[in-house]
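K.L.:
got a structure for you, letters missing:
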């Protein structure tokens, strides 16, 4: 069992570029969650997805951020026109049901 | 109302000592209180969790104490070891949104040999 796989582990983007973060859930898990961790802070919920559906995106910034979990392939968190304030660690978690989830090792995004 | 306040921000303990981390919450609808351990460069990993119908839960050297009336819960690490050095997060959620964890701000624990 490979666990929750996130890639890339580190991502550097210039201001204005797009960032694409990928998350492959654990085998058999159909629920995916994205959290953001700013330096020296706890994790903040962003979005909850099931296959082809966004269930709760209440933690997503209204602009520039989007997420998807297609029928085939990994979940993608997309950040358009990145700004310095987007620099953070982005964690994906997956679960077989709505609790008891497992986190991946995260993607550290640095905007320069 | 959806905040979980965690203290201290950092903690230094000698090997063999007891580490104590505290959390407080406001939302009485919270009904699940997990603790996560995070090592540098890794994602948080579930350590131990409690529901409000019990006042204490123990797993090995780790104990959660829960005070429902005070809306506080704490993590005790007995016989702390250098390998316990990590950042610890308390969290909470509630049945209506059981998938959405509200995290505290974290405690960086250093256990000196």
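P.N.:
Right, received. Where do you want to start? Being a predicted model, the structure only gives us computed values, none of them experimental.

K.L.:
Excluding covalently adjacent residues, which one is nearest to residue A:97?
P.N.:
Of all residues not flanking residue A:97 in the chain, residue A:31 sits nearest, at 6.9 Å (CB to CB, 6 or more residues apart in numbering or on different chains). C-betas here are computed from N, CA, C, even on glycine.

K.L.:
Please name the bridge partners of the one you found.
P.N.:
Counting by DSSP bridges, residue A:31 forms beta bridges with residue A:50, residue A:95.

K.L.:
OK, contacts around it?
P.N.:
A:25, A:48, A:49, A:50, A:94, A:95, A:96, A:97, A:98, A:101, B:99 (CB atoms under 8 Å, 6 or more residues apart in numbering or on different chains).

K.L.:
now the fifth one: how far from residue B:93?
P.N.:
Computed as CB to CB, to the nearest Å, the residue A:94 to residue B:93 distance reads 16 Å.

K.L.:
Kindly give the local confidence score, pLDDT, for the residue nearest to residue A:97.
P.N.:
Looking at residue A:31, its pLDDT reads 91.

K.L.:
now swap in residue B:112 and tell me
P.N.:
Looking at residue B:112, its pLDDT is 97.

K.L.:
number of nearby residues for it?
P.N.:
For residue B:112, the tally of surrounding residues (other CB atoms under 10 Å in any protein chain shown) stands at 11.

K.L.:
pLDDT below threshold where in chain A?
P.N.:
For chain A, applying pLDDT under 70 flags the ranges A:1, A:98-99.

K.L.:
Near chain B, which residues of it are found?
P.N.:
A:4, A:31, A:33, A:35, A:40-45, A:48, A:55-56, A:59, A:91, A:93, A:95, A:98-106 (CB under 8 Å from any CB of the partner chain).

K.L.:
One more pass at 7 Å, please.
P.N.:
A:31, A:33, A:41-43, A:45, A:48, A:56, A:91, A:98-99, A:103-106 (CB under 7 Å from any CB of the partner chain).

K.L.:
Return the subset of those lying in strands.
P.N.:
A:31, A:33, A:43, A:45, A:48, A:56, A:91, A:103 (DSSP state E).
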